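[1] Okay, sequence plus prediction incoming.
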Amino acid sequence: MRVSVFVGTSLDGFIARENGSLDFLELATDEDYGYQAFLKSVDAVILGRKTYETVLAYPEWPYGDRPVVVMSTTLHDARGPEGSRCEIMNRTPTEVLSQLDHRGARHVYVDGGLTIQRFLRDGLVHDLTINRCPVLLGAGVPLFGSLFRDVRLQHVWTRTFPSGFVQSEYRVLP
């Protein structure tokens with residue numbers, strides 16, 4: 001099973017402000033950055049609790065009818081909008097992937113700062129697409145946290161957008 005990350009950050013590596021706001025990403029204008037094509041390639045989505053709660057407030061549920069697993073130790077019920085398929089799992093990343101594999105998932109999208117960090121620490125991420133926004137926040141929720149070992153990456157490609165965003169894809173090396 002392939003595990004991918006597709007995430008937006010400030011230039012200094014924060015995925016949200018300290019209060020959880022993503023307002024700085026509004027600089028993205030109307031460009032898609034390849035997100036819809038990426039989303040079409042995934043069978044399931046794994047979110048952290050904070051990301052799930054943030055996405056619930058969006059005007060539209062971005063995941064359609066794809067299964068969405070919310071990794072949480074505090075939530076007991078995941079109620080997405082009408083037609084969504086959400087569930088809570090209080091398990092390790094390996095156990096969550098095993099469940100999704102058993103259900104036939106072949107490509108999984110992982111989102112949420114702590115959740116991404118857990119999957120990276122466990123060596124489960126295959127590729128990362130990082131969209132860097134041309135803004136420095138100085139503080140906030142970091143994309144990357146402490147690791148037990150180096151995570152070696154191979155640069156695949158980088159492209160720029162008129163909005164000033166820079167998107168890079170990396171393959172995680174074994």
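    Structure's in. What do you need?
[2] Tell me the secondary structure of residue 37, please.
    The three-state label given to residue 37 by DSSP: H, G, I helix; E, B strand; the rest coil is helix.
[3] could I have the helix or strand harbouring residue 99 exported to CSV, CA atoms only?
    Residue 99 is part of helix 93-102, with elements assigned from DSSP states H and E. What follows is helix 93-102, C-alpha atoms only, in CSV (Å, rounded to 0.1, in the frame of the first residue of the first chain):
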residue,chain,number,x,y,z
PRO,A,93,-0.5,3.8,12.3
THR,A,94,0.5,0.2,11.3
GLU,A,95,-2.8,-1.1,12.6
VAL,A,96,-4.8,1.5,10.8
LEU,A,97,-3.0,0.7,7.5
SER,A,98,-3.6,-3.0,8.1
GLN,A,99,-7.4,-2.4,8.5
LEU,A,100,-7.4,-0.3,5.3
ASP,A,101,-5.4,-2.9,3.4
HIS,A,102,-7.8,-5.6,4.5
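[4] got a list of contacts for that helix?
    Contacts of helix 93-102 with the rest of the structure, by Cβ atoms under 8 Å, 6 or more residues apart in numbering, involve 1, 3, 43-44, 46, 67, 69, 71, 89, 91, 108, 115, 118-119, 122, 124. (Each C-beta comes from the backbone N, C-alpha and C, glycine too.)
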